[in-house]
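Colleague: Have a look; sequence and predicted model below, questions after that.
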Amino acid sequence: MRRLVKEQLYKFDGTRLFPERIALHTIYRLSDQAALYKEVTDYVRDEFNRADALENEGRKGRSGSP
């Protein structure tokens with residue numbers, strides 16, 4: 001077996017199998033990212049706690065086998 005990265009793969013006619021990768025960068029204010037991070041963190045924490053509470057309620061109602 002031979003492993004190659006995408007840049008090393010060519011068709012039989014010699015053309016590249018995949019287009020060249022072009023990396024672009026975007027400038028953004030860090031404060032925007034910090035606000036998004038906080039919102040996502042809060043959401044995940046709240047939903048995790050909610051799911052955990054529902055699971056614990058289900059355990060309370062069970063009797064006998066797990």
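Modeller: That came in fine, so what should we check first? Numbers count the residues shown, from 1 in each chain.
Colleague: what about Arg2, helix or strand, and which?
Modeller: Using DSSP states H and E, Arg2 sits within no helix or strand.
Colleague: can you pull out the strands in this structure?
Modeller: With strands called from DSSP state E, the chain shows none.
Colleague: where does it have low pLDDT?
Modeller: Scanning the chain for pLDDT under 70 picks out 1, 29-31, 59-66.
Colleague: how close does Asn49 sit to Lys38?
Modeller: For Asn49, the distance to Lys38 equals 16 Å [CB to CB, to the nearest Å]. Any C-beta I mention is one placed from the backbone N, CA and C, and that applies to glycine too.
Colleague: go on, Glu7?
Modeller: 39 Å.
Colleague: Now Arg16: closest residue in space, sequence neighbours ignored.
Modeller: Of all residues not flanking Arg16 in the chain, Tyr10 sits nearest, at 5.9 Å (CB to CB, 6 or more residues apart in numbering).
Colleague: count of residues packed around the one you found?
Modeller: 12 (other CB atoms under 10 Å).
Colleague: repeat for Glu39
Modeller: 10.
Colleague: Please give me every residue in contact with the residue nearest in space to the middle of the chain.
Modeller: Residue closest to the average C-alpha location in the chain (CA atoms, centre = their mean): Val40, at 12.5 Å. Contacts for Val40 (CB atoms under 8 Å, 6 or more residues apart in numbering) come out as none.
Colleague: Likewise for Glu20?
Modeller: Glu7.
Colleague: Quick check: it vs Val44, distance?
Modeller: Distance from Glu20 to Val44, by CB to CB: 37 Å.
Colleague: now Leu17
Modeller: From Leu17 over to Val44 (counting by CB to CB), the distance is 39 Å.
Colleague: same thing with His25?
Modeller: Distance from His25 to Val44, by CB to CB: 27 Å.
Colleague: Which of the two has more residues huddled nearby?
Modeller: A count of neighbours by other CB under 10 Å puts Val44 above the other of His25 and Val44, at 10 against 5.
Colleague: measure the more buried one to Ala35 for me?
Modeller: 15 Å.
Colleague: Equivalent analysis for Ala23, please.
Modeller: Distance of Ala23 to Ala35, given as CB to CB: 26 Å.
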